[in-house]
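J.: whatever this is, show me its structure:
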Amino acid sequence: MDRHATSESPRAFLTALFRRAVEVADPMRVVPPHLPDRPKGRFLVIGAGKASARMAEAVEAELGPCEGLVITRYGHARPTRGIEIVEAGHPVPDAAGAQATRRMLDLVAGLGPEDLALALISGGGSALLCAPAEGLTLDDKIAINAALLASGAPIGEINVVRKHLSRVKGGRLAAACHPARLLTLLISDVPGDDPAGIASGPTVGETSTPTDALAILKHYRIAPPDAAPLAATTLGAVMNVLRGPSDVVVPGDPRLATAETRIIAAPSQSLAAAADMARAAGVAVRMLGDAIEGEARALGAAQARLALSLRAEVAASARPLLLLSGGECTVTRRGNGIGGPNAEFALAAAMALNGAPGIHVLACDTDGVDGAAEIAGAYAGPECLTLALAKGRDPAKALAQNDAHSFFGAIGGQVVTGPTLTNVNDFRALLIQPEG
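T.: Here you go, the predicted model:
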């Protein structure tokens, strides 16, 4: 790092930027400014997502004990005084989530016009809010979710399918709260920050159709005749639901008339905070976008090539350059390793850089969980491949087996934060230093 920028190592510097991005999305900071006054009637707090327990903690820190129920991922619970916190399965739903969702629907069933429901929604809610459509079992939902997650489909398309196989997503939770007033506070983890995409839009109107969901299943070969991983009973049940009438709640439905939605934290805000911190350290910043999607290995290689192409520019300016991006990478499962889109991005970038001096990569998920692993992501420096060779690790083999987490674990490149209790999607940074 340039002596005028910071005395930290490149890894420490990039890690500090990541922590800053997480910090500005902390529910304890972003929830209180949006809290409503208590209504004359009943005040009920509901919610789901990886950040929902922390959001509930923030509510009670301001308003005191409240009635309510939120569902979060195992290991993400927080201490609350009135709001019940239920931990459940993610990224694949489980019985705990299904049972808690039934209880939540029962809680809102008695709300009236004088009441207010406060919905705390964040990424991860699609799996945690689980109410299979009529004709589907929980096992069916688990199977179709697992197939979608392994297919390489982007999260937006996965969520379209989820909405049409549910009794709570696609605006149905809002409909269940009617005629009460409903305020939804959203922490966005989706490219573009579309409220209908966050946790599969349980409290906002939905424009997609079952035909759209069928087309997605066919495109990713999860529908006949290519749906070999799915049991015939599950496949038949899914096809029956999607070929039947839809009951998603469309925009303009009268049951949404008393519903308000606010995005209180988003990837763009976190990336901007990290960029400001880098500039304050004397580093130039180039923002590549906060809504970048695609196959993790392809994006990693592409951004590495961009970094290589900018070395001459950096040398001429004698000033470090930071490439920042967000969004959501996907992984098409090809092997049985311990994968993770951010770790796979970093591995593919390291391979494309091939030890190029002065270029450092950090890619992490802001929730602290990259894929299904309890690891935020990975760091790769110029020495990455040399260290791997010394440890007997083959980067190409690791990438082919979707085993990036094990690869970085062997060379000390894992970034482990534990649950951050927020979720504003991926954070990717490439630092290019002047040589010499």
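J.: next one: Met94 from Ala301, what distance?
T.: Not Met; residue 94 is Asp. According to Cβ to Cβ, to the nearest Å, Asp94 stands 35 Å off from Ala301. Every C-beta, even on glycine, is put in place using the N, C-alpha and C of the backbone.
J.: ugh, typo on my part, it should be Ala404
T.: For Ala404, the distance to Ala301 (Cβ to Cβ) stands at 13 Å.
J.: who's more crowded, those two?
T.: With neighbours defined as other Cβ atoms under 10 Å, Ala404 and Ala301 compare such that Ala404 has more, 38 against 19.
J.: how about the more buried one: what's its closest non-neighbour residue?
T.: Spatially, and ignoring its direct neighbours in sequence, Ala404 is nearest to Ala343 (3.7 Å; Cβ to Cβ, 6 or more residues apart in numbering).
J.: residue contacts, the one you found?
T.: Ala363, Asp370, Gly371, Ala373, Ile375, Gly377, Ala378, Ala404, His405, Phe407, Phe408, Gln414 (Cβ atoms under 8 Å, 6 or more residues apart in numbering).
J.: assign a three-state SS to the first one, would you?
T.: Read that as Ala363. Per DSSP: H, G, I helix; E, B strand; the rest coil, the local secondary structure of Ala363 is strand.
J.: which strand or helix spans the closest residue to it other than its chain neighbours?
T.: Spatial nearest neighbour of Ala363, excluding adjacent residues (Cβ to Cβ, 6+ apart): Asn342 at 4.0 Å. Assigned by DSSP states H and E, Asn342 belongs to helix 341-353.
J.: in that helix, what's buried?
T.: Residues of helix 341-353 classed as buried by neighbour count (16 or more other Cβ atoms under 10 Å): 341-353.
J.: what's the burial count for the closest residue to Ile83 other than its chain neighbours?
T.: Of all residues not flanking Ile83 in the chain, Gly68 sits nearest, at 4.1 Å (Cβ to Cβ, 6+ apart). Residues lying near Gly68 (other Cβ under 10 Å) number 24.
J.: now Pro210
T.: Neighbour count for Pro210, taken as other Cβ under 10 Å: 19.
J.: go on, Leu148?
T.: Per other Cβ under 10 Å, the neighbour tally for Leu148 reads 22.
J.: now do Leu214
T.: When neighbours are counted by other Cβ under 10 Å, Leu214 registers 17.
J.: other residues contacting the helix or strand encompassing it?
T.: Taking DSSP H and E as the criterion, Leu214 maps to helix 210-219. For helix 210-219, the surrounding residues in contact (Cβ under 8 Å, 6+ apart) are 153, 157-158, 160-161, 163-165, 223, 227, 238-239, 241-244, 246.
J.: check the offset of that helix from the chain's centre.
T.: Counting by Cα atoms, centre = their mean, to the nearest Å, helix 210-219 is centred 22 Å from the centre of its parent chain.
J.: for stretch 300-318, same thing?
T.: Centroid separation between stretch 300-318 and its chain, computed with Cα atoms, centre = their mean, is 28 Å.
J.: domains of the protein?
T.: For the chain, the domain assignment from automatic domain parsing gives the residue ranges 10-22+268-432, 27-265.
J.: can I get those domains in a markdown table including mean pLDDT?
T.: Below are the domains of the chain laid out as a markdown table (pLDDT from 0 to 100):
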| stretch | mean pLDDT |
| --- | --- |
| domain 10-22+268-432 | 96 |
| domain 27-265 | 95 |
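J.: residue boundaries of the helices in the stretch 51-200 of the chain?
T.: Remark: helices assigned in the stretch 51-200 of the chain by DSSP state H, counting those that start in this stretch are 52-63, 95-108, 125-128, 138-150, 155-163, 172-177.
J.: quick one, which of the ones you listed is nearest to Ser317?
T.: Set against Ser317 and scored by Cβ to Cβ, the helices of the stretch 51-200 of the chain come closest in helix 155-163, at 37.0 Å.
J.: the closest one versus helix 138-150: what angle between them?
T.: Compare the direction of helix 155-163 with that of helix 138-150 by axes from the mean of the first three to the mean of the last three Cα atoms, to 10 degrees and you get 170 degrees.
J.: OK, contacts around Ala143?
T.: Taking Cβ under 8 Å, 6+ apart, we find Ala143 in contact with Leu230, Ala231, Thr234.
J.: that one and Lys169, how far apart?
T.: Using Cβ to Cβ, we find Ala143 at a distance of 18 Å from Lys169.
J.: repeat for Leu116
T.: According to Cβ to Cβ, Leu116 and Lys169 sit 22 Å apart.
J.: neighbour count for the two, which is higher?
T.: Using other Cβ under 10 Å as the criterion, Leu116 and Lys169 rank with Lys169 on top: 28 against 21.
J.: what bridges to the residue nearest to Ile83?
T.: Assessed by DSSP bridges, Gly68 has beta-bridge partners Val45, Ile83.
J.: give the contact list for it.
T.: Going by Cβ under 8 Å, 6+ apart, Gly68 touches Leu44, Val45, Ile46, Gly47, Ala56, Gly82, Ile83, Glu84, Leu107, Leu118.
J.: who wins on neighbours among those?
T.: Going by other Cβ under 10 Å, Gly47 tops those with 33 neighbours.
J.: from Arg172, how far off is that one?
T.: Here the criterion is Cβ to Cβ. By it, Gly47 lies 15 Å from Arg172.
J.: contacting residues for the closest residue to Ser122 other than its chain neighbours?
T.: Among residues not flanking Ser122 along the chain, Gly49 sits closest, at 3.1 Å (Cβ to Cβ, 6+ apart). Listed by Cβ under 8 Å, 6+ apart, the contact partners of Gly49 are Met55, Thr72, Leu120, Ile121, Ser122, Gly123, Gly124, Gly125, Leu128, Ile187, Ala199, Asn423.
J.: dump the residue contacts of the residue nearest to the second one when sequence neighbours are not counted.
T.: Think Thr72. Spatial nearest neighbour of Thr72, chain neighbours left out: Ala53 (4.2 Å); criterion: Cβ to Cβ, 6+ apart. By Cβ under 8 Å, 6+ apart, the contact set of Ala53 is Val70, Thr72, His76, Ala77, Arg78, Thr80, Ile85, Leu421.
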